[in-house]
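Peer 1: No sequence on hand, only this structure:
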Ligand SMILES: O=C(O)C1=C[C@@H](OP(=O)(O)O)[C@@H](O)[C@H](O)C1
Ligand SMILES: C=C(OP(=O)(O)O)C(=O)O
């Protein structure tokens, strides 16, 4: 459906949704390997990659720094680089792509020159000070006056050395950003968590795996610390696995409609943290009373919408950093569930309580769902439209951040979508 209309109304299907759906490539892994390939000397072929707004922004920024990024087909990037980024002529604009913004803030410190890393209005509200502080501690001059982008980095062509501590309680992406730039140190660099409190640790594991694939020497230096040798990177070919966060919507569709969808990949074959959501969704309609979302944060909107139809209420804990994602997702999910039916959700501190009501299924409850430019709010609330008549998703095109084909996928499964203004 191109171009997407301003709003889409979903007609609940009268049968289980089944079929074969290959989720797109992982956003997290695509943006890691795009960067690592750009920092390696030679050509790297990245297959199975995601082509979406977030990866397009990353690829464009790399091109602006002298890297050749070709796109021979819909899922391949061919990246050719001299292994060194060039100073871009203008500020790098990274929209609301957290990965691109955080990873590049550290990576541009390896070039010789001044770079401004900036994003859209929402990105300008997402904290980056802990990463800037860590760069400063490594002797790199970087400033972010508001504590959020824009960040001005004065690269010195190298990345310091020694031990650096990073407070990753707001975002694990700060750790990944430092680790990926660390092979350009003047000597070994140890990246250590300032506290044990970190969002999904699994994202750091993704970073380590990608770095090793590109030839980095990175070892654990105790719990929450990693030692990176100054090796630089080696160009390589890399196959990106499907996106586990995108898969959560497919698992949600299965649970809510009783269908069977073949994703072409088993849940336990994913290396991304959000794959853990499958086991929780599989318990529907008897999901647990308390779900710790800390290790699968991007799956929480999906889980919360599915939970609205659970037999018993669900409390989501460990999700404080959902407040600094594309939007405040705790507030957004609560607001929009309550728009469907007042009292369906409640915020309690940084917990989200979903009241749950299996009797919602089959009802007509017209609601125009505000999506706050947040792909996950749009995609997760579409699941409510599979059970309730009258659900309209505003700005469905925002799914393009990570899953441009989402609405086509629903139509291909047999869901009727009606465009409106
Ligand atoms: O490293 C990554 O690829 C990501 C880490 C997570 O963010 P935080 O570390 O900011 O929680 C996640 O929400 C984001 O979608 C992708
Ligand atoms: C939080 C997300 O993205 P990012 O932090 O990469 O912008 C997400 O995709 O849900």
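Peer 2: Ah, there it is. Given the structure is predicted, the values throughout are model-derived calculations rather than measurements. Numbering: from 1, shown residues only. Ligands and ions are numbered 1, 2, ... in the order given.

Peer 1: Determine the longest helix present in this protein.
Peer 2: When the chain is parsed with DSSP state H, its longest helix is helix 244-257.

Peer 1: contact partners of the following helix or strand past that helix?
Peer 2: The helix or strand immediately downstream of helix 244-257 is strand 261-262, counting by DSSP states H and E. The contact list for strand 261-262, computed with C-beta atoms under 8 Å, 6 or more residues apart in numbering, reads 17, 18, 19, 20, 21, 250, 251, 253, 254, 413. All C-beta spots, glycine's among them, are computed from the backbone N, C-alpha and C.

Peer 1: Now do the second one, the pLDDT please.
Peer 2: Turning to residue 18, the model gives it a pLDDT of 98.

Peer 1: which phi and psi does the closest residue to ligand 2 within the stretch 51-200 of the chain have?
Peer 2: Nearest to ligand 2 in the stretch 51-200 of the chain, going by C-beta to the nearest ligand atom, is residue 98, at a distance of 2.4 Å. Phi and psi for residue 98, reported as degrees, to the nearest 10, are phi -60, psi -50.

Peer 1: can you pull out the helices in the stretch 51-200 of the chain?
Peer 2: 53-64, 98-107, 129-137, 173-181 (DSSP state H, counting those that start in this stretch).

Peer 1: Throw those helices into CSV and include mean neighbour count, mean pLDDT and distance to residue 419, thanks.
Peer 2: Shown next, in CSV, are these (neighbours: other C-beta atoms under 10 Å; pLDDT from 0 to 100; distance: least, C-beta to C-beta, whole Å):
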stretch, mean neighbour count, mean pLDDT, distance to residue 419
helix 53-64, 22, 98, 21
helix 98-107, 28, 98, 30
helix 129-137, 20, 97, 41
helix 173-181, 27, 98, 35
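
Peer 1: Pipe those into CSV and attach distance to residue 239 per row.
Peer 2: Formatted as CSV, the helices of the stretch 51-200 of the chain follow (distance: least, C-beta to C-beta, whole Å):
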stretch, distance to residue 239
helix 53-64, 15
helix 98-107, 19
helix 129-137, 29
helix 173-181, 19
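
Peer 1: residues from the stretch 101-250 of the chain in reach of ligand 1?
Peer 2: Within the stretch 101-250 of the chain, the positions lying close to ligand 1 (C-beta under 6 Å from any ligand atom) are 171, 172, 173, 176, 199, 203.

Peer 1: how far away is the fifth one from residue 175?
Peer 2: What that stands for is residue 199. From residue 199 across to residue 175, the span is 9 Å (C-beta to C-beta, to the nearest Å).

Peer 1: likewise residue 228?
Peer 2: As defined by C-beta to C-beta, residue 228 lies at a distance of 12 Å from residue 175.

Peer 1: before we move on, back to that, ranking by neighbours, what's the top pick from the contacts of strand 261-262?
Peer 2: Neighbours here mean other C-beta atoms under 10 Å. Within the contacts of strand 261-262, the largest count is held by residue 253, at 28 neighbours.

Peer 1: thinking residue 345 is in contact with residue 357, fair?
Peer 2: No: with contact defined as C-beta atoms under 8 Å, residue 345 does not count as touching residue 357 (10.9 Å).

Peer 1: Enumerate every residue touching the residue in the stretch 151-300 of the chain that ligand 2 sits nearest to.
Peer 2: Residue nearest to ligand 2 within the stretch 151-300 of the chain: residue 298 (4.0 Å; C-beta to the nearest ligand atom). By C-beta under 8 Å, 6+ apart, the residues touching residue 298 are 245, 248, 274, 325, 376.

Peer 1: can you check residue 13 too?
Peer 2: By C-beta under 8 Å, 6+ apart, the contact set of residue 13 is 257, 386, 413, 414, 415, 416.

Peer 1: rerun that using 6 Å as the cut-off
Peer 2: Contact partners of residue 13, counting by C-beta atoms under 6 Å, 6 or more residues apart in numbering, are 414, 415.

Peer 1: again, but for residue 323
Peer 2: Per C-beta under 6 Å, 6+ apart, neighbours of residue 323: residue 330.

Peer 1: how about a cut-off of 10 Å?
Peer 2: Residues in contact with residue 323, defined by C-beta atoms under 10 Å, 6 or more residues apart in numbering, are 170, 329, 330, 331, 332, 347, 350.

Peer 1: can you list the residues of the stretch 51-200 of the chain near ligand 2?
Peer 2: 96, 97, 98, 99.

Peer 1: and if we set it to 5 Å?
Peer 2: When proximity is defined by C-beta under 5 Å from any ligand atom, the stretch 51-200 of the chain lies next to ligand 2 at 98, 99.

Peer 1: what does the stretch 251-400 of the chain give?
Peer 2: The stretch 251-400 of the chain has residues 298, 325 near ligand 2, with proximity defined as C-beta under 5 Å from any ligand atom.

Peer 1: for the stretch 251-400 of the chain, what spans make up the helices?
Peer 2: 277-281, 300-307, 329-340, 375-384.

Peer 1: right, is the longest one up against ligand 1?
Peer 2: Going back to what we said before, that points to helix 329-340. No: for a cut-off given as C-beta under 5 Å from any ligand atom, helix 329-340 has no contacts with ligand 1; the smallest distance is 9.7 Å.

Peer 1: Check which residues of that helix are buried.
Peer 2: By 16 or more other C-beta atoms under 10 Å, the buried positions in helix 329-340 come out as 329, 330, 332, 333, 334, 335, 336, 337, 339, 340.

Peer 1: Next, the contact list for residue 388, please.
Peer 2: Residues near residue 388 by C-beta under 10 Å, 6+ apart: 10, 12, 308-309, 340-341, 360-367.

Peer 1: Ligand 1: which of these is nearest?
Peer 2: Using C-beta to the nearest ligand atom, residue 308 comes nearest to ligand 1 of the contacts of residue 388, at 21.9 Å.

Peer 1: That closest one: neighbouring residues, count only.
Peer 2: Residue 308 has 27 neighbouring residues, counting by other C-beta under 10 Å.

Peer 1: For residue 87, see how far away it is.
Peer 2: Distance from residue 308 to residue 87, by C-beta to C-beta: 50 Å.
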